[in-house]
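[1] Starting from these lines, generate the structure:
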Amino acid sequence: MGTPEVRRKDLKMINGYPMVYAFALNWERMEEFQGRPDDIVISTFPKSGTTWISEIVDMVLNDGDTEKCKRDVITTKIPMLELYEPEHNISGIEFLKTTPSPRVIKTHLPTDLLPKSLWENKCKMIYMARNAKDVTVSYYHFDLMNNLHPVPCTWEEYVLKFLDGNVPYGSWFNHVKTWWEKKKDHPLLFLYYEDLKQNPKEEIKKVASFLGKTLDEKTLDKIIHHTSFEMMKDNPMVNYTHLPSSMMDHSKSPFMRKGTIGDWKNYFTVAQNEIFDAVYEKEMSGTTLKFCTEIQSCCCKFLSDY
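    Next comes the predicted model:
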């Protein structure tokens with residue numbers, strides 16, 4: 001049997017969630033994955049600052065040592081649990097089997113697709129959420145360049161697909177709400193992309209405290225500089241230019257595009273914004289989650305548990 005064709009294939013349903021076709025091929029091994037008690041899990045809905053928070057966690061764990069953080073590319077330092085690409089024999093699970101403890105594991109999985117062993121072992125988890133409108137724009141551009149995703153559609157079609165949860169990993173609304181609920185009974189640090197953008201030092205202190213680290217001001221400043229968007233965009237260890245172009249075509253759109261708050265205003269029409277707001281209001285009613293969608297609104301901080 002030859003290697004299965006996985007480029008630009010339609011999503012495959014896994015337990016009610018639309019999943020990247022290639023990842024679905026490896027699902028049996030995914031479910032059997034064995035977590036370790038000292039695993040650290042970084043979870044996000046896609047395009048919510050995953051690589052950013054991953055590099056911050058790596059810097060915190062290595063006490064701000066930039067040379068240690070250059071030891072390998074981000075996909076090897078912090079493997080993506082569900083990643084599977086048969087043509088180049090890339091498997092997150094295989095990477096993780098040979099990764100010494102304590103492992104840091106990246107995932108975009110919704111709570112009920114995450115392997116049970118990670119919950120049972122009470123692994124520390126960090127979840128970062130980003131406002132839905134900016135995620136929609138970023139995810140659309142990611143679809144253009146990520147050849148493991150289905151054939152891209154128009155922006156107009158994409159907004160509706162996103163609202164319907166017809167994108168890899170399903171509904172953004174379900175994702176953020178269920179992860180938010182998990183912090184009630186699990187060691188989980190819930191962060192907002194916008195807070196990290198506006199006040200990186202305070203948010204990095206939260207990460208350090210959660211991971212049992214105490215960092216001085218000089219180290220915090222070094223981490224902020226090293227993980228700034230400008231530095232990371234030009235850093236080949238973290239900007240995903242190391243992956244084959246058959247997987248990610250940076251000529252269509254860079255993996256790290258803008259990293260801003262409020263870019264959605266450059267894409268949403270008035271009509272699209274009204275449709276989005278109506279669905280958002282309905283989906284998010286009854287939750288205490290609060291997001292800001294532009295820099296001005298981020299000044300009004302919500303009351304956090306942390």
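
[2] residue contacts, the closest residue to Pro102 other than its chain neighbours?
    Spatial nearest neighbour of Pro102, chain neighbours left out: Asp38 (4.2 Å); criterion: CB to CB, 6 or more residues apart in numbering. In short, each C-beta sits where N, CA and C put it, glycine included. Taking CB atoms under 8 Å, 6 or more residues apart in numbering, we find Asp38 in contact with 101-103, 123.

[3] For these, which single residue is the most surrounded?
    Neighbour counts for those peak at Cys123, which has 22 neighbours (criterion: other CB atoms under 10 Å).

[4] pretty sure it contacts Gly35?
    Yes - distance between Cys123 and Gly35: 5.5 Å, which falls inside the contact criterion (CB atoms under 8 Å).

[5] now the strands for the protein?
    12-14, 17-19, 40-44, 84-85, 90-91, 104-107, 124-129, 188-192 (DSSP state E).

[6] Asn26 is nearest to which of those?
    Smallest distance to Asn26 across those (CB to CB): 3.9 Å, for strand 84-85.

[7] Which strands and helices lie in contact with the closest one?
    Using 3 or more CB pairs under 8 Å, 6 or more residues apart in numbering; DSSP states H and E, the elements in contact with strand 84-85 are helix 21-24, strand 90-91.

[8] quick one: which of the strands of the chain is nearest Asp277?
    Shortest distance between Asp277 and those, using CB to CB, is found for strand 124-129: 18.2 Å.

[9] Direction included, what does that closest one pair against?
    Strand 124-129 has its sheet partners listed here by DSSP bridges as strand 40-44 (parallel), strand 188-192 (parallel).

[10] tell me which residues of the last one are tucked away?
    Buried residues in strand 188-192, counting neighbours by 16 or more other CB atoms under 10 Å, are found at 188-192.

[11] Show me what the mean pLDDT comes to for it.
    In this model, strand 188-192 carries a mean pLDDT of 98.

[12] repeat for stretch 102-122
    Across stretch 102-122, pLDDT averages out at 97.

[13] With distance to Lys133 added, can I get the strands paired with strand 124-129 in TSV?
    TSV is the format used below for the strands paired with strand 124-129 (distance: least, CB to CB, whole Å):
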stretch	distance to Lys133
strand 40-44	16
strand 188-192	14
